[in-house]
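Visitor: Model the following, please.
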Amino acid sequence: MEKVKLFVAEDNDLVRNNLIAMLKIQGLEVVGEAANGQEALAKIDELMPDIILMDLKMPEMDGISACREIKKLLPEIKVMVLTSFADDELIQQAIEAGADGYLLKDIQPKELLKALEETYEGEYPLDSKVARKIVEKVKLKNESIAELDLTAREIEVLELIAAGHTNKEIALELEISSSTAKYHVYKIKKKMGKSNRIQTAIFAIEHGIVKKT
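Guide: Next up, the predicted model:
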């Protein structure tokens, strides 16, 4: 790997020092370090690293908040999450914040080096445990959607519900009667087990059945 400038953001001094030492042994250049997200933000504008190895649980500013700010201010800098945590919520938050990869701290040095190369080249490396969790979550979501057994027409109606249309507007848009539109809305809510349109719309958006408008 060509000379890539790395930055390490990790609140545990021992872990951070060991990680930096290991990276240097692998022949990599570490241009800076920080003990929290706020400190990282204050330094990277001057140091301009290519990749930041970012812990998630840190004081003052956590890694997800720091990643979000970095991607907003300096989107060309890649942020590789390196953490001990692999729970679904953190993974989703990191991805939404713009992280360029998600690794766990038990990774072997050679695997980390390979992941850094992939990140620098624009790939998105994931720890195998993290990748498995994402696949399982997608599978569960797809299964739950399939179990709803929505017809093509019901999906059309659902998209309009999610967009905030009334029964009358749905009827006009789909060129059907108001009573038919009302019946479709009733069937959709019943299949989803929801009592009102707002709950139905939120469920549909969160499960990817329709796109957020």
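
Visitor: For the chain, which segments count as helices?
Guide: Secondary structure of the chain, counting by DSSP state H: helices at 13-25, 37-47, 63-73, 88-97, 109-120, 128-148, 152-162, 167-174, 178-192, 197-206.

Visitor: Of the ones you listed, which is nearest residue 57?
Guide: Of all those, it is helix 63-73 that lies closest to residue 57, at 7.3 Å by Cβ to Cβ. Any C-beta I mention is one placed from the backbone N, CA and C, and that applies to glycine too.

Visitor: just checking, what packs against that closest one?
Guide: Other helices and strands packing on helix 63-73, by 3 or more Cβ pairs under 8 Å, 6 or more residues apart in numbering; DSSP states H and E, are helix 37-47, strand 51-54, strand 78-83, helix 88-97.

Visitor: What sits closest to residue 120 if chain neighbours are left out?
Guide: The spatially closest residue to residue 120, leaving aside those adjacent along the chain, is residue 4, at 5.4 Å (Cβ to Cβ, 6 or more residues apart in numbering).

Visitor: gap between the one you found and residue 30?
Guide: Computed as Cβ to Cβ, to the nearest Å, the residue 4 to residue 30 distance reads 10 Å.

Visitor: Domain parsing of this protein, as residue ranges.
Guide: 5-127, 149-206 (automatic domain parsing).

Visitor: Now the terminal residues of the shortest one, how far apart.
Guide: Between the opening and closing residues of domain 149-206 there is a gap of 17 Å (Cα to Cα, to the nearest Å).

Visitor: again with the longest one
Guide: Start and end residues of domain 5-127 are separated by 22 Å (Cα to Cα).

Visitor: Tell me, what's the model's pLDDT at the residue nearest to residue 120?
Guide: pLDDT recorded at residue 4 is 91.

Visitor: dump the residue contacts of it.
Guide: 28-29, 50-51, 116, 120 (Cβ atoms under 8 Å, 6 or more residues apart in numbering).

Visitor: Show the pLDDT at the residue nearest to residue 113 when sequence neighbours are not counted.
Guide: Sequence neighbours aside, residue 26 is the residue nearest to residue 113 in space, at 5.3 Å (criterion: Cβ to Cβ, 6+ apart). In the prediction, the pLDDT value recorded for residue 26 is 88.

Visitor: neighbours around residue 26, how many?
Guide: Number of residues near residue 26 (other Cβ atoms under 10 Å) recorded here: 13.

Visitor: got the contact list for the residue nearest to residue 168 when sequence neighbours are not counted?
Guide: Using Cβ to Cβ, 6+ apart and skipping residues adjacent in sequence, the residue nearest residue 168 is residue 178, 5.7 Å away. Residue 178 makes contacts with 167-168, 171, as judged by Cβ under 8 Å, 6+ apart.

Visitor: I'd like to know which helix or strand in the protein has the lowest mean pLDDT.
Guide: helix 128-148 (a mean of 63; mean pLDDT, DSSP states H and E).

Visitor: can you list the weak-confidence ranges in this protein?
Guide: Low-confidence segments of the chain, defined by pLDDT under 70: 1-2, 130-147, 211-213.

Visitor: so how many other residues sit close to residue 18?
Guide: Burial of residue 18, expressed as a neighbour count using other Cβ under 10 Å, amounts to 12.
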